[in-house]
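Visitor: predicted model follows, preceded by the sequence.
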Protein chains: 4
Amino acid sequence: MVATAPARTVSKAQRREQLIRATMKCVSRNGLSATTMAEITKEAGLSLGIVNLHFQSKEKLLVETLRYIADEYQSEWQKAVRIEGSPTEQLANLIDIEFSARVCQREKLAVWVAFWGEAKSRPTYRRICSALDREYVLAIQTLCDEICRTGRHPHTDTEIVASGYSALTDGLWLDILLTPRDMSRAKAKRIAIDYFSSHFPGRFTALS
Amino acid sequence: MVATAPARTVSKAQRREQLIRATMKCVSRNGLSATTMAEITKEAGLSLGIVNLHFQSKEKLLVETLRYIADEYQSEWQKAVRIEGSPTEQLANLIDIEFSARVCQREKLAVWVAFWGEAKSRPTYRRICSALDREYVLAIQTLCDEICRTGRHPHTDTEIVASGYSALTDGLWLDILLTPRDMSRAKAKRIAIDYFSSHFPGRFTALS
Amino acid sequence: MVATAPARTVSKAQRREQLIRATMKCVSRNGLSATTMAEITKEAGLSLGIVNLHFQSKEKLLVETLRYIADEYQSEWQKAVRIEGSPTEQLANLIDIEFSARVCQREKLAVWVAFWGEAKSRPTYRRICSALDREYVLAIQTLCDEICRTGRHPHTDTEIVASGYSALTDGLWLDILLTPRDMSRAKAKRIAIDYFSSHFPGRFTALS
Amino acid sequence: MVATAPARTVSKAQRREQLIRATMKCVSRNGLSATTMAEITKEAGLSLGIVNLHFQSKEKLLVETLRYIADEYQSEWQKAVRIEGSPTEQLANLIDIEFSARVCQREKLAVWVAFWGEAKSRPTYRRICSALDREYVLAIQTLCDEICRTGRHPHTDTEIVASGYSALTDGLWLDILLTPRDMSRAKAKRIAIDYFSSHFPGRFTALS
DNA sequence: AATGAATGAGGGTTCATTCAT
DNA sequence: CATGAATGAACCCTCATTCAT
C-alpha cells in the first residue's frame, strides 16, 4: 500500500505524476471528501509537505488529477479515430477502447464520478469536463456524418446521435461503477454497439 | 443564552422534510463536501442542534435525503407506467415526465450526482441507488417486451434496450447538469425519443 | 431499567427522592461526567424538563444527591453509637454496620467516590464531605476516649486513632469499589477490627 | 492564519511530558470533567491541535497522565524498599517518602482522586490503579513478613496489615485533599507510624 | 405540575497549510 | 528539495436549559 523509498533523483514531472497517481488511488478508494493530504502522501510514500511544494495546494492537486485523467481519456479515444478504417470501423474501435479493461477500470471510473459529484459547485472541474465532452461529441458526430454520407441515413440528426452516445457512455460507466452486478463491461459494450446498430441498421451487425 | 420562540406547530414528519429540503438546497448549491450542518440549519431557519434531534447525525440526514429523492423519483416514473395506454404511449409518458421541468430540475440533478460521487465508497448510498435502478430497468424492460410482442421486433434484446435507456437517462441528466450550454432538457428529450424510435422504428415517430 | 408510569399524586418530596435515586443509579453506572439529565429522567421514567422544575439545575440536583447519601450514611453510623452497650461493643456495631451489605453497596460507594473526585474543585461538595467527616471522627474519638478511660491505654492519642480509622474506612471503601477482587466486605471488616484490636489489645479479640 | 514560530527543539517524549504536566495542573485545578483540551494546551503554551498529534485523543492523554503518576508513585515507594536497612527501617522510609512534600503534593493527590472518581466506569483507569495497588500491597506484606519472622508477632496476618495500610494511605491522602484543615501531612504521617507501631509494638516507637 | 421540542454555547476532533530544520 | 511537527479555523456533536403547550 505504501510505495518504496522515494528516489532522490526523480524529476519534477515524475514527482507530480507520482502524487497524482496516489491521489487517484485514494479518491477511488475513499471518495473525494475523505481523501486527505496525509493519506495521499502516505500512499505515495512521501512526506506531508511535498504536495504544497509541487502543487501549492490540495485543490490544485485535485484539478491536476482531473486534468490528468481527462488528458489520458482524450488520448485514448483519439487513438480510435486516428486508426485507418471506415467510420464504422472507427466507431467500433472506439467502443472497444472505451470499454476495454485498460480504460474502463473501476478505479478510474470512481475518480471520474467523484469529480462529477463536485463539478456543479466547482467551475474549474466543470470546465475541464465540458471541454473534453465537447471535443468528444464533435469527433463522434464527424464519424456519424461520414457514415450518413456513405449510407442511406439521410434524415439522421447526427448531433443527437453523437450527444446521445456521449451521454450513454457516461451512464454506462456510472452503472459499471455503482451496480457492477447488473452492469459488466461486456454488457456495456453490447449496449454501445446496439446503440449505433439501431441508428445505422446493417452497419454494425457483424462487429465483435 | 435565551432561546427565541420556536415554532411548535409542526409535526415531526414536517420538520424532517423541512430539513431534508434544506439539505437538498445546500448540497445542490455547494456540493456534498461543502455542506455543513450550520448551513443546512440556517437554510431551514432552525437551530444548529435540530438535526441531531431529528436525524441523530449528519450522515443519517444525508441518507434520508438520498432516500427522499429516490422515493420521489420512483413515484414519478411509476406514474407513467400506471397511466392507461399502449406501451409506446407509456414510454412516451415516461420520457415526458423524466425530462419535465418538475422532475428534471437542476437542483435535484445536482443532488443525485453529488451522491453518485460518494456512492462508491459508501455502501448505503450505493444500495439505495442500486435498488432504485433495478426496479426502473425492470419496468422499462417490461414495456419493451410488450412492444416487441405486439410489433415486428422479434430479435430485440429488451434487457439491453432497457439497461441502455437507464444509462442514457443518467448520462443525459449529468450533461444537463454539467454542460447546460450543450444539453437542454428539450435536447435530452429528443435524444431519449430518438433512442426508442431507433429501436422500435415507426412507433415513436409521431410523438411530441 | 425504566420506572413505571409516574403517579400524578406523588408529593414534591417524593418526586425529589425519585430523581435523587435515579441520579445515584446513573452516577454509579456511568460516572459523574457521563451522567446527563436525559439519562437521569429516563431512569426515573419522567420527562426531561422535570429536574429544572424540582431542582432548578443539574448542579443543585447533584448537590442534593450528595447531601442525601451523606445524611443516610450519618444516620447509619449514629445508630451504632446510640445502641446500648460498652464503647467496644459500639465500635464493633459501627464496623458491622459500615461494612454491611446495606451500607456498603457498590452502587453507593461509586457515588461517594464520584463526588470525592470532583470535590477538590467544588467547594460545595467539599463542605458537605468535611462536615460529615468531622462529626464522624468526633464520635469515634469519644468512643476511644471511653475505652481508654476504662482500660489500660493511658498514652493513646485518640484523635490519631479516630482520624486514622476514618481514613481507613474511606480507603477500604475505595478498594472494595476499585479492586473488588482483592478487597471484599468481609476482608475490609477484618481489617477494621484488626485496626482497633491492635490499638486496644485484648478488647476486640472475641468479636464477630 | 499565520502560525507563530513553534518551538522545534523539543523531542517527542518531552512534548508528551509537557502535555501530561499541563493536564495534571488542569485536572487538579478544575477536576476531570471541567478539563478541556483548550485549557490543557493553553496551560502548556501550545496549540489546540497538538494533543491529537501526540496522543490521538483526549481520552488517551488522560490515560497516559494516569499512567505517568502511577509510574512516578511506584518508583517512589520502590526507592524506600530498595534502601539498605531492616524491614522496620524500610517501612519508616516508606512513610517518610509517602508523606513527603514531594510525593504528597495536593496537586498530585487531586489527580489521583479525580481518576478514582471515574475509575468505576472506566476499566482502563481501574486496571492501572489495580496493578499499582497489588504490587504495593505485596511489597509491604513482604516487609511485614520479615518483621514478623525476626520478632515476636507469630499470629499476625500480614496480608491484612498490608492491605489495611494501603487503604489507610489512600484514605489519608483523600483527607489531606478534602479536609486540609483537619488533616496535615504531619498528622497523616503520625497516623501511619501509629498504624505500624500498634501492630508491631516496640518496633516503631523511636522513629522520626 | 408536567412535557419534550427546540436552542446554542461549548466540547473534541480533523486536516490543509506553514516553516524551521 | 524534502521533511514532519506545529498550528488553528472549522467541523460535527452533546447536552443543560428554556418555554409553549
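Guide: That came through, no problem.
Visitor: just want the residue of chain A that's nearest DNA strand F.
Guide: A:Gly49 (2.0 Å; CB to the nearest atom of the strand). All C-beta atoms are positioned from the backbone trio N, CA, C, and that covers glycine.
Visitor: now do the same for that residue: its pLDDT.
Guide: We have a pLDDT of 94 for A:Gly49.
Visitor: give me the neighbour count for it.
Guide: 10 (other CB atoms under 10 Å in any protein chain shown).
Visitor: do the same with A:Gly45
Guide: 14.
Visitor: can you report phi and psi for the residue of chain A closest to DNA strand F?
Guide: phi -80, psi -10 (degrees, to the nearest 10).
Visitor: what about it, distance to chain B?
Guide: Using CB to the nearest CB, to the nearest Å, A:Gly49 is found at 23 Å from chain B.
Visitor: same question, A:Arg102
Guide: 19 Å.
Visitor: how close does the closest residue in space to that residue that isn't next to it in sequence get to B:Asp133?
Guide: Using CB to CB, 6 or more residues apart in numbering or on different chains and skipping the chain neighbours, the partner closest in space to A:Arg102 is A:Glu76 (7.9 Å). For A:Glu76, the distance to B:Asp133 equals 27 Å [CB to CB, to the nearest Å].
Visitor: compare those two (neighbour count), which wins?
Guide: B:Asp133 (21 against 15).
Visitor: in contact with whichever residue of chain A sits closest to chain C, which residues?
Guide: Nearest residue of chain A to chain C (CB to the nearest CB) works out as A:Ala34 at 29.6 Å. By CB atoms under 8 Å, 6 or more residues apart in numbering or on different chains, the contact set of A:Ala34 is B:Ser121.
Visitor: name the element it belongs to?
Guide: Taking DSSP states H and E as the definition, one finds A:Ala34 inside no helix or strand.
Visitor: got the phi/psi numbers for it?
Guide: phi -90, psi 0.
Visitor: to what extent is A:Ala131 buried, counted in neighbours?
Guide: 13.
Visitor: ditto for A:Cys104
Guide: 19.
Visitor: that one in helix, strand or coil?
Guide: Of the three states, A:Cys104 takes coil under DSSP: H, G, I helix; E, B strand; the rest coil.
Visitor: what number of residues lie near the closest residue to it other than its chain neighbours?
Guide: In this structure, A:Cys104 finds its nearest non-sequential neighbour in A:Arg185, 5.4 Å apart by CB to CB, 6+ apart. Using other CB under 10 Å, A:Arg185 has 19 neighbouring residues.
Visitor: just A:Thr65 next, same as before
Guide: Neighbours of A:Thr65 under the rule other CB under 10 Å: 25.
Visitor: who touches the strand or helix carrying it?
Guide: Here A:Thr65 is covered by helix A:58-82, with elements defined by DSSP H and E. Residues outside helix A:58-82 that contact it (CB under 8 Å, 6+ apart): A:16-17, A:19-20, A:23-24, A:27, A:32, A:37, A:40, A:51, A:54-55, A:90-91, A:93-94, A:96-98, A:102-103, A:108, A:111-112, A:115, A:124-125, A:128-129, A:131-132, A:135-136, A:139, A:143.
Visitor: those residues, buried ones only, as a ChimeraX selection?
Guide: In ChimeraX, a selection of the buried entries from the contacts of helix A:58-82 looks like this (16 or more other CB atoms under 10 Å in any protein chain shown):
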select /A:16,19,20,23,24,27,32,37,40,51,54,55,90,91,93,94,96,97,98,103,108,111,112,115,125,128,129,132,136,139,143
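Visitor: ok, now how distant is A:Arg185 from A:Trp116?
Guide: For A:Arg185, the distance to A:Trp116 - CB to CB - is 20 Å.
Visitor: next one: A:Gln18
Guide: 25 Å.
Visitor: same check on A:Arg152?
Guide: 38 Å.
Visitor: mind checking which of those two has more residues around it?
Guide: Using other CB under 10 Å, the more surrounded residue of A:Arg152 and A:Trp116 is A:Trp116, with 22 against 10.
Visitor: next, work out how far apart the more buried one and A:Leu66 are.
Guide: Between A:Trp116 and A:Leu66 the distance, using CB to CB, works out to 10 Å.
Visitor: please enumerate the shared neighbours of the two.
Guide: By CB under 8 Å, 6+ apart, the residues touching both A:Trp116 and A:Leu66 are A:Cys129.
Visitor: chain A: helices as residue ranges?
Guide: A:12-30, A:37-44, A:50-55, A:58-82, A:87-98, A:106-119, A:123-150, A:158-178, A:185-199 (DSSP state H).
Visitor: what's the most buried one of these?
Guide: helix A:158-178 (a mean of 24; mean count of other CB atoms under 10 Å in any protein chain shown).
Visitor: elements contacting that helix?
Guide: Packing partners of helix A:158-178 (3 or more CB pairs under 8 Å, 6 or more residues apart in numbering or on different chains; DSSP states H and E): helix A:106-119, helix A:123-150, helix A:185-199, helix B:106-119, helix B:123-150, helix B:158-178, helix B:185-199.
Visitor: please parse chain A into its domains.
Guide: Here the domain parsing of chain A from automatic domain parsing is A:1-56, A:57-199.
Visitor: can these go into TSV with extra columns for distance to DNA strand E?
Guide: Converted to TSV, the domains of chain A look like this (distance: least, CB to the nearest atom of the strand, whole Å):
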stretch	distance to DNA strand E
domain A:1-56	3
domain A:57-199	4
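Visitor: weakest of those by average pLDDT?
Guide: Of all these, domain A:1-56 has the smallest average pLDDT, which comes to a mean of 88.
Visitor: what residues does stretch A:170-179 touch?
Guide: Contacts of stretch A:170-179 (CB under 8 Å, 6+ apart): A:99, A:104, A:106, A:109-110, A:112-113, A:182-185, A:188, A:191-192, B:116, B:119-120, B:126, B:129-130, B:133-134, B:163-164, B:166-172, B:174-175.
Visitor: and stretch A:122-139, by the same measure?
Guide: Residues contacting stretch A:122-139 (CB under 8 Å, 6+ apart): A:63, A:66-67, A:70, A:73-74, A:77-78, A:81, A:115-116, A:118-120, A:159, A:162-163, A:166, B:31, B:175, B:178-179, B:181-182.
Visitor: off-centre distance for that stretch?
Guide: 11 Å (CA atoms, centre = their mean, to the nearest Å).
Visitor: what residue lies at the spatial centre of chain A?
Guide: A:Tyr73 (4.5 Å; CA atoms, centre = their mean).
Visitor: and the residue of chain A that's closest to chain B?
Guide: A:Gly117 (1.7 Å).
Visitor: close to DNA strand F: what parts of chain A are there?
Guide: A:6, A:8, A:10-12, A:15, A:46-50, A:52-54 (CB under 7 Å from any atom of the strand).
Visitor: how about the nearest residue to A:Val10, chain neighbours excluded?
Guide: Nearest to A:Val10 is A:Gln18, by CB to CB, 6+ apart, at 7.3 Å.
Visitor: didn't that neighbour look like it was pressed against A:Ala44?
Guide: Yes - if you go by CB atoms under 8 Å, A:Gln18 and A:Ala44 touch, sitting 5.4 Å apart.
Visitor: ok, A:Asn52 - contacts?
Guide: A:Asn52 neighbours (CB under 8 Å, 6+ apart): none.
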